[in-house]
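A.B. asks: would you be able to build a 3D model of this:
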Amino acid sequence: MQLDNATIKRLKGIGHELKPIVMIGNNGVTPAITEEINRALNDHELIKVKLPAGSKHDRDLICTELAVAAKAQLIHTIGRMALLLRQNPNANPKLSNLARHAE
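C.D. replies: Here you go, the predicted structure:
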């Protein structure tokens with residue numbers, strides 16, 4: 001799914017207010033991490049993930065791996081933070097970051 005610039009800008013604004021839900025350690029992307037990210041995306045739709053320390057190239061590889069594993073879209077990365085989106089038509093409006101921050 002392609003997002004236009006206005007939508008990406010709005011999602012980045014929402015993401016700025018979020019705290020990281022998942023933090024990836026030095027072990028990298030494990031099955032437990034993937035499972036937790038899937039659960040978080042089902043509940044919240046838009047999540048912030050804290051990446052492990054390392055080079056930018058390593059972090060970019062991890063972000064791509066996360067997005068593919070979770071069937072999510074990588075919206076933005078800055079430093080050690082990544083913003084992932086996977087829309088859920090049956091999301092709980094009390095948990096969904098998209099519904100809670102809708103204009």
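A.B. asks: how much space separates Thr34 from Ile24?
C.D. replies: Computed as CB to CB, to the nearest Å, the Thr34 to Ile24 distance reads 10 Å. For the C-beta atoms, the positions are set from N, CA and C on the backbone; glycine is no exception.
A.B. asks: same check on His101?
C.D. replies: Distance from His101 to Ile24, by CB to CB: 24 Å.
A.B. asks: who has more neighbours out of these two?
C.D. replies: Shown here are His101 and Ile24; by other CB atoms under 10 Å, Ile24 has more neighbours (22 against 15).
A.B. asks: pretty sure that one is touching Lys50, no?
C.D. replies: Yes: at 6.7 Å, Ile24 counts as touching Lys50 under the criterion of CB atoms under 8 Å.
A.B. asks: what touches both of these two?
C.D. replies: Common contact partners of Ile24 and Lys50 (CB atoms under 8 Å, 6 or more residues apart in numbering): none.
A.B. asks: which stretches of this structure form strands?
C.D. replies: Remark: strands assigned in the chain by DSSP state E are 22-23, 46-50, 73-78, 81-85.
A.B. asks: low-confidence ranges in this structure?
C.D. replies: Within the chain, the stretches with pLDDT under 70 are 1, 103.
A.B. asks: so for it, the centremost residue is which one?
C.D. replies: Leu84 (2.2 Å; CA atoms, centre = their mean).
A.B. asks: quickly note the distance from it to Lys9.
C.D. replies: Taking CB to CB, one finds Leu84 at 17 Å from Lys9.
A.B. asks: show me the contacts for Glu65.
C.D. replies: Val29.
A.B. asks: cool, Ile47 as well?
C.D. replies: Leu18, Ile21, Val22, Ile37, Ala40, Leu41, Leu83, Leu84, Asn97 are the contacts of Ile47 under CB under 8 Å, 6+ apart.
A.B. asks: no more questions from me, cheers.
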